[in-house]
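[1] next comes the sequence, and after it the predicted model I'd like to discuss.
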4 protein chains.
Amino acid sequence: MKARQNTRLGQYLMSIKVGVVGAAGFAGIEAVRFIIGHPEFELIAATSNELAGKRLADVYPNFQGCTDLAFASHDDAPLSSCEVVFLAVPHTAAIAQAPALMQAGVSVVDLSADFRLKDPAVYEQWYQVKHTATDLLAQAAFGLPELFRDDLQALAERKASGKAVLVGCAGCYPTATSLAAAPAIRAGLVGDGPIVADAVSGVSGAGKKATERTHYCFADENLEAYGVGNHRHTPEIEQILGIPGRLVFTPHLAPLDRGLLSTVTLPLGDAAVTQEQLNDLYQDFYANDAFVSVLVDGKQPKTSSVAGTNRAHVAAVYNAHANVIVATGAIDNVGKGAAGQAVQCANIICGLSETTGLTAIAIPA
Amino acid sequence: MKARQNTRLGQYLMSIKVGVVGAAGFAGIEAVRFIIGHPEFELIAATSNELAGKRLADVYPNFQGCTDLAFASHDDAPLSSCEVVFLAVPHTAAIAQAPALMQAGVSVVDLSADFRLKDPAVYEQWYQVKHTATDLLAQAAFGLPELFRDDLQALAERKASGKAVLVGCAGCYPTATSLAAAPAIRAGLVGDGPIVADAVSGVSGAGKKATERTHYCFADENLEAYGVGNHRHTPEIEQILGIPGRLVFTPHLAPLDRGLLSTVTLPLGDAAVTQEQLNDLYQDFYANDAFVSVLVDGKQPKTSSVAGTNRAHVAAVYNAHANVIVATGAIDNVGKGAAGQAVQCANIICGLSETTGLTAIAIPA
Amino acid sequence: MKARQNTRLGQYLMSIKVGVVGAAGFAGIEAVRFIIGHPEFELIAATSNELAGKRLADVYPNFQGCTDLAFASHDDAPLSSCEVVFLAVPHTAAIAQAPALMQAGVSVVDLSADFRLKDPAVYEQWYQVKHTATDLLAQAAFGLPELFRDDLQALAERKASGKAVLVGCAGCYPTATSLAAAPAIRAGLVGDGPIVADAVSGVSGAGKKATERTHYCFADENLEAYGVGNHRHTPEIEQILGIPGRLVFTPHLAPLDRGLLSTVTLPLGDAAVTQEQLNDLYQDFYANDAFVSVLVDGKQPKTSSVAGTNRAHVAAVYNAHANVIVATGAIDNVGKGAAGQAVQCANIICGLSETTGLTAIAIPA
Amino acid sequence: MKARQNTRLGQYLMSIKVGVVGAAGFAGIEAVRFIIGHPEFELIAATSNELAGKRLADVYPNFQGCTDLAFASHDDAPLSSCEVVFLAVPHTAAIAQAPALMQAGVSVVDLSADFRLKDPAVYEQWYQVKHTATDLLAQAAFGLPELFRDDLQALAERKASGKAVLVGCAGCYPTATSLAAAPAIRAGLVGDGPIVADAVSGVSGAGKKATERTHYCFADENLEAYGVGNHRHTPEIEQILGIPGRLVFTPHLAPLDRGLLSTVTLPLGDAAVTQEQLNDLYQDFYANDAFVSVLVDGKQPKTSSVAGTNRAHVAAVYNAHANVIVATGAIDNVGKGAAGQAVQCANIICGLSETTGLTAIAIPA
């Protein structure tokens, strides 16, 4: 059992026991990877009903020599012994599972869409299913620390007082898009009219299931848009940025494994802006965020620079030709877009430094 | 020497001698490939000062067993014996070379940017060099047959009368973007405000030169925007579509060889539109265009479906959430975006069927 | 209906009606693509029980604008009206289907493994199923024209006399491996001991079925061996090359769509050999083979040079350090390794020029 | 300045200052990445004459937010203040630089080929240059800990006594090939005749220089052999395995960034062997090696499982058909094949646990 120094109390405590439900999927298994490398978290349960009994390393050979843990069925896993459980499950499954966990005193960091949208009616409109845990929804903090850190820290207080808390982590497209656009929008620079976010994701965003879409021969050497006009991340981004009904969100698939780039075109309002002002605005905005780097001097975010990590790179360019801001954000869709962000949120609610276990640097090239 | 049936005269004539200047680059060598497979064109010159004397097949081994032609230096090549010369050279080089060719009676199909922009002042603003062949510019037809076929057919008449003619072929981004957006814009469906074109290209778009940008290890597993706010295809697209000062054009690079996808967000004007109307509009618009397929029923263009060909796939989706049209266009940036289009234009000015030599179908997957 | 000039008789005849059974898989649909571009073959049936009724272009959008043909169920397809049927089916299915077709007077070009191995006992050992059409097996010619052209031409005679004939086309690994090794082996240059063939294939070799192996995220950025010591192409290669029990064949998977490279290490016998002699030997061997190019001067075959085509590139290097020959062969596993070769064989048995419909050149880069 | 607990002495000491010479290349910058994440090493110099003065993060944006270090010119870098310097330079440059460093008391971990081959005559034969530091060569330990750990530990003793020591790290192909083959060879299982190693590397193995070979459009969708019969890693592998003149080594390039797979065919001697015996042999051989995992049960090493890490996966299969052993080894060519191994060696000579700073796990998929 690992010992840790609780950064809030200055005392040595035991390691924090955590579990991952839905550990066999891409987000779940990446959460497992981050947790195994985490100095304070101890992984005591990784569930997969389908793979129960199989060693992680026999399913995902990257874990060979790294862990002897086996997948457990959901019912056999010691989830109630966890301090925090990560739910890496499809939407509706988190609604089904979170209440019992929280009643057992287990805090939940949910990677699904179930606790992201504050208005149940919006959830029901876009996901075409009734939200049956609206009380928990009201308690949940939105898991995008750079934009909603106060809410997460409030959960930390609450959890420190012995209560189970709930985080609904932001989706991958919302994370990249919002990190790119939020500084300009919050500064009041953006005027009327549609806000266009064209985003491109690697194939891991389509999930582990083997389909024609994820078949190498169909995904390779191909670019295509999908979910045009109806992708479920639309209302989530609008909620984060406070731009109801204004977002034109078009996701695309490109032939890479990890990586997501969102390009957001923001119409300028009456106020003029210079590139220098934009740079200053963005750098100030993220000055205290360890995982967000603002690129200036014409540099543009590259997804390869953040692959496998919890980092985000953003840039904002003043396009004088059409008098708009073009803001770009690059993340690893499974890292900062899912599992990394979940661990970052878990760090916060556990009173740890946000960067604990998340200091990996992407390979240089 | 190949014999051909002139489709205008119904007579058997000799094959049409053609040359490619700048044949060693990606657009030039792809033009060579199309021409070798062309039943009416006979390639008598492929120039590259750098590679003069080397067999094409020794530089590009895909030609092993297909041709014994060698690169010739520009000065040694029998360009004046050609009926048509394709210029696959950097901008300014076409301005330097076209006049002499045309004075020698050789028609020119230019793949560079030199004869695309009708207003020399716009050329000079974006390319930062004076245009020194404005008389030829005035004569040039814009090489995007689906949108400017009449102009090209007028050149065919002129050429049939013995005059040398000049085509300034559209660029890769302008082709995909304009094919996607033109039907809606020409139909008057588009209202005020910025028109956003976010486009993604394969690495061949960056050219044959070995640079960090084109290095496999930097391009692989990476997405990034570039030329944000200042890409030279901006005024070209605005000219084609008649939207001066309104285009927000942001190109991106993705890890594939061939392929370009442009996603264009068009604000709707006062008129309402339905998806069915959009489908009809687009299908009617391209009803007589052999190379453009309109995808409906929620299908989205895939670049893999057109790789290695002169084809384009387009779709237009009515996004009711934000009341805009999202139009997408997929091409092979070196095919329909450069060499294929040049051959298509050459077919037209030579009085051949547009599809001659361009019937290849992309591999299925 | 297309007219054709029968190259044997010098007369104009009607086009040759052909069908593809199993047209939805990668080899089948590539056969369809070659046939659509073939000037003498007319595709009247493309069967897929699963996709019956769907337009090819709606399943494989590369056919948009190229054909209106729809998949037919096996029972509804006019197979008995075909002159030649291509069977792109799993092994055992060809045994089940070939007899009835041939009894109906339809010649069969089989892409499966059912009619490749001359000894039914070997088939039964490696495929673990009894061969129930051994009479047809005895009649079948082996479909690798460069090494067994006489047998195929004998079928052409037989077919010209009105008999249905049967070709069992070579597999992908056997094609590349044998084209690389055959000249040295047939020349008697190879001595005793194991012959090692390490071959690498693109993911299309794993077929259209969506599995973990073919999932983009598992195949991308990965190299691995598979079928070590037990791949079914082992006895086929040994039969072609006449090296029973001597082949160490290890296939590998690499992250590309199309392409197969086989590297064969051949121990030298007593005779000395020089690089020049090897070059001459190989160039002479393939002097009359339009689809095989021998690379010399240190050039090595690249799979990209033959992707999408029926071509093969081979080289043989004398490795003086260890006194062996290292022969390499590159093909497109779905082209020369399957569908292209099938069309080449069909050309031969129909008395057409071997290259008819197969003149495509790979993209330059 | 970081404090560390010296694992040998049980005392808290200051961090170990290290430098990287040639830090701008792929191996050098990956060493930098490992060192930044290393809890005991403090990077005080990263040299690049070409990039001197530029921040690492401005050249390799993966370091944005991770380090403010800038490249230094070789002459300006505080190399003599380092306890260990990593030389990530071309061969001959290490010979030029190592003597002065060692005279200044700095231990050298050389990633080049200069101190690998024990016999200067062999070096001179394969590298075509005279070895001018044969005295140092005699002192150097071979940097492949799993096979030569005693030699490295002897250096640790020597260094602990205050002497500067020298490690010549194994190359990428030799590492994968030798880890795969060594257990069988050292156990005396291998008989006479050629030993064939066909290995495939990702493009990073070709280095950072932008060339046609490393151009995305030429490397993508391509497989090819290179250096057939004359690759310089041949004598290095033969030295490691003790098989002079017997190795047929053929390297290949495949379209991935990181990863190297070597497939070694080992002829069996008189002794019979079973798969179970092979598994036991390999598992025993690597029982105490944290970075080497032996795969059994038909599992084959995947390069994706070790990408970005210092790990190696190996398997040995008894191929009964041809009575040989087929051993495979997968590494990250820049990790265990270069920078990771260098850090592992540095850990050993510094008396640290071998795994210090090298515990990263590859992404799951």
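    Looks like it came in fine.

[2] how about the helices of the stretch 101-250 of chain A, start to end?
    According to DSSP state H, counting those that start in this stretch, the stretch 101-250 of chain A carries its helices in the segments A:120-127, A:134-139, A:145-160, A:172-186, A:216-219, A:233-241.

[3] give me the helices and strands touching the shortest one, please.
    Under the contact criterion of 3 or more C-beta pairs under 8 Å, 6 or more residues apart in numbering or on different chains; DSSP states H and E, helix A:216-219 touches helix C:216-219. Glycine gets a C-beta too; all of them are placed from N, C-alpha and C.

[4] what average pLDDT does the helix it packs on get?
    In this model, helix C:216-219 has an average pLDDT of 98.

[5] with stretch A:268-275 instead?
    Here the average pLDDT along stretch A:268-275 is 88.

[6] could you list the buried residues of it?
    A:268, A:273, A:275 (16 or more other C-beta atoms under 10 Å in any protein chain shown).

[7] also stretch A:124-132?
    A:126, A:127, A:131.

[8] in JSON lines: these, plus pLDDT.
    Below are those laid out as JSON lines (pLDDT from 0 to 100):
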{"residue": "A:126", "pLDDT": "97"}
{"residue": "A:127", "pLDDT": "97"}
{"residue": "A:131", "pLDDT": "98"}
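
[9] between the residues you listed, which is nearest residue D:71?
    Proximity of the buried residues of stretch A:124-132 to residue D:71 was ranked by C-beta to C-beta; the top entry is residue A:126 with 49.1 Å.

[10] from residue A:227, how far off is the closest one?
    11 Å (C-beta to C-beta, to the nearest Å).

[11] try residue A:122
    For residue A:122, the distance to residue A:227 equals 17 Å [C-beta to C-beta].

[12] closest to chain D out of the buried residues of stretch A:268-275?
    Distance ranking of the buried residues of stretch A:268-275 against chain D, using C-beta to the nearest C-beta, places residue A:275 first at 17.9 Å.

[13] leaving out chain neighbours, which residue sits closest to the closest one?
    residue A:318 (4.8 Å; C-beta to C-beta, 6 or more residues apart in numbering or on different chains).

[14] just residue A:54 next, same as before
    Spatial nearest neighbour of residue A:54, excluding adjacent residues (C-beta to C-beta, 6+ apart): residue A:71 at 5.5 Å.

[15] that neighbour contacts residue A:47, doesn't it?
    Yes: in this structure, residue A:71 is within contact of residue A:47 by C-beta atoms under 8 Å, at 6.6 Å.

[16] list residues touching both of these two?
    Contact criterion C-beta atoms under 8 Å, 6 or more residues apart in numbering or on different chains; residues shared by residue A:71 and residue A:47: residue A:23.

[17] mutual contacts of residue A:126 and residue A:227, please.
    Going by C-beta under 8 Å, 6+ apart, no residue sits against residue A:126 while also sitting against residue A:227.

[18] list the contacts for the one residue in the stretch 1-150 of chain A that gets nearest to chain B?
    Taking C-beta to the nearest C-beta as the measure, the stretch 1-150 of chain A has residue A:126 as its residue closest to chain B, at 9.9 Å. Residue A:126 sits next to A:117, A:232, A:234, A:235 when contact means C-beta under 8 Å, 6+ apart.

[19] and the contacts of stretch A:101-109?
    Defining contact as C-beta under 8 Å, 6+ apart, one finds that stretch A:101-109 is touched by A:79-80, A:82-87, A:94, A:98, A:136, A:143, A:155, A:159, A:162, A:164-167, A:169, A:342, A:345-346, A:349.

[20] got a ChimeraX select line for the buried ones in those?
    Filtering those down to the buried ones (16+ other C-beta under 10 Å) takes a single ChimeraX command:
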select /A:79,82,83,84,85,86,87,94,98,136,143,155,159,164,165,166,167,169,342,345,346,349
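
[21] so which of the contacts of stretch A:101-109 are in strands?
    Per DSSP state E, strands hold the following members of the contacts of stretch A:101-109: A:84, A:85, A:86, A:87, A:143, A:166, A:167, A:169.

[22] dump those to JSON lines, plus distance to residue B:51 and pLDDT.
    Below are the ones in strands among the contacts of stretch A:101-109 laid out as JSON lines (distance: C-beta to C-beta, whole Å; pLDDT from 0 to 100):
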{"residue": "A:84", "distance to residue B:51": "63", "pLDDT": "98"}
{"residue": "A:85", "distance to residue B:51": "63", "pLDDT": "98"}
{"residue": "A:86", "distance to residue B:51": "57", "pLDDT": "98"}
{"residue": "A:87", "distance to residue B:51": "60", "pLDDT": "98"}
{"residue": "A:143", "distance to residue B:51": "56", "pLDDT": "98"}
{"residue": "A:166", "distance to residue B:51": "65", "pLDDT": "98"}
{"residue": "A:167", "distance to residue B:51": "60", "pLDDT": "98"}
{"residue": "A:169", "distance to residue B:51": "55", "pLDDT": "98"}
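
[23] so which of these comes closest to residue B:338?
    Residue B:338 has its nearest neighbour among the ones in strands among the contacts of stretch A:101-109 in residue A:169, at 43.9 Å by C-beta to C-beta.

[24] next up, the contacts around that closest one.
    A:109, A:110, A:111, A:116, A:143, A:144, A:338, A:341, A:342, A:345.

[25] any of those buried? List them.
    Buried among the contacts of residue A:169 by 16+ other C-beta under 10 Å: A:109, A:110, A:111, A:116, A:143, A:144, A:338, A:341, A:342, A:345.

[26] among those residues, which one lies nearest to residue D:257?
    Distances from residue D:257 to those, taken by C-beta to C-beta, are shortest for residue A:338, at 22.4 Å.

[27] ramachandran coordinates for the closest one?
    Phi and psi for residue A:338, reported as degrees, to the nearest 10, are phi -160, psi -90.

[28] how about it, nearest residue that isn't a chain neighbour?
    Here the residue nearest residue A:338, using C-beta to C-beta, 6+ apart, is residue A:27, at 4.1 Å.

[29] before we move on, which element is that neighbour in?
    helix A:26-36 (DSSP states H and E).

[30] so how many other residues sit close to the spatially closest residue to residue A:152 that is not a sequence neighbour?
    With sequence-adjacent residues excluded and distances taken as C-beta to C-beta, 6+ apart, residue A:152 is closest to residue A:348, at 4.5 Å. Neighbours of residue A:348 under the rule other C-beta atoms under 10 Å in any protein chain shown: 24.

[31] so who does residue A:348 touch?
    A:145, A:149, A:152, A:153, A:155, A:156, A:354.

[32] could you rerun that using 7 Å?
    Neighbouring residues of residue A:348 by C-beta atoms under 7 Å, 6 or more residues apart in numbering or on different chains: A:145, A:152, A:153, A:156, A:354.

[33] chain B versus the third one, what's the distance?
    Taking C-beta to the nearest C-beta, to the nearest Å as the measure, residue A:153 and chain B are separated by 33 Å.

[34] find me the pLDDT at the closest residue to that residue other than its chain neighbours, would you?
    Setting aside the residues directly before and after it, residue A:153 is nearest to residue A:348 in space (C-beta to C-beta, 6+ apart), at 6.3 Å. Residue A:348 is assigned a pLDDT of 98 by the prediction.

[35] swap in residue A:8?
    43.

[36] can you tell me which of the contacts of residue A:126 is nearest chain C?
    The closest of these to chain C turns out to be residue A:232 (C-beta to the nearest C-beta; 21.5 Å).

[37] that closest one: how many residues sit nearby?
    19.

[38] got a list of what it touches?
    Neighbour list for residue A:232: A:113, A:126, A:127 [criterion: C-beta under 7 Å, 6+ apart].

[39] report the contact partners of the last one.
    The neighbours of residue A:127, taking C-beta under 7 Å, 6+ apart as the test, are A:91, A:113, A:232.
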